[in-house]
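**Q** Quick one: sequence and predicted model below, then my questions.
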Amino acid sequence: MLQLCKVTDGLLISNARSACSDDLIQKEAVTLCINVSKQQPFPATRVGTFRVPVYDDPHEDLYKYFDRCADAIHSEAGRGGRTVVYCKNGRSRSATVCVAYLMKHQSLSLTDAFEVVRSARSVVEPNPGFWSQLERYEQELKTRRSAGSGSNLSPT
């Protein structure tokens, strides 16, 4: 079954087949597609697109994209848009990016952010390498917040 799973009002997660369904993209009023893969296509519908070129491999550096993706989702939502984040199966890479967004812009802990994403899409399961990158990101966000440089980190 094709579906885009709602994480927040402005954030959806899915697999590539669902995210490339022009009908679903239009029905869900998606304005930005973040494709967390090297080879999956984008939908034909005219929407904003952003590719994060990583494989679902624990050794891939997804961490370096966390801020950019989280900020893109946040600013899209701020304009009233909706973002779908997807990878091939909608399990590991896309889930990792969604969790990073919730940690940064909704000030959730890693555990709470993961639960929010998993309640939206039950199959999510970041690979061990991505999970440890999320743990590192959680520490990084705590450091930024305590340093007071986090004026852009207020919850949405």
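**A** Thanks, I have the structure now.

**Q** secondary structure class for His74?
**A** Under DSSP: H, G, I helix; E, B strand; the rest coil, His74 falls in the helix class.

**Q** wait, it sits on Ala100?
**A** No - His74 lies out of contact with Ala100 (Cβ atoms under 8 Å); the separation is 11.2 Å. For the C-beta atoms, the positions are set from N, CA and C on the backbone; glycine is no exception.

**Q** And the two? Which one has more around it.
**A** Shown here are His74 and Ala100; by other Cβ atoms under 10 Å, Ala100 has more neighbours (28 against 18).

**Q** Which elements pack onto the longest helix seen in the chain?
**A** In the chain, with assignment by DSSP state H, the single longest helix is helix 128-146. Packing partners of helix 128-146 (3 or more Cβ pairs under 8 Å, 6 or more residues apart in numbering; DSSP states H and E): helix 93-105, helix 110-120.

**Q** Please work out the average pLDDT along it.
**A** Helix 128-146 carries an average pLDDT of 97.
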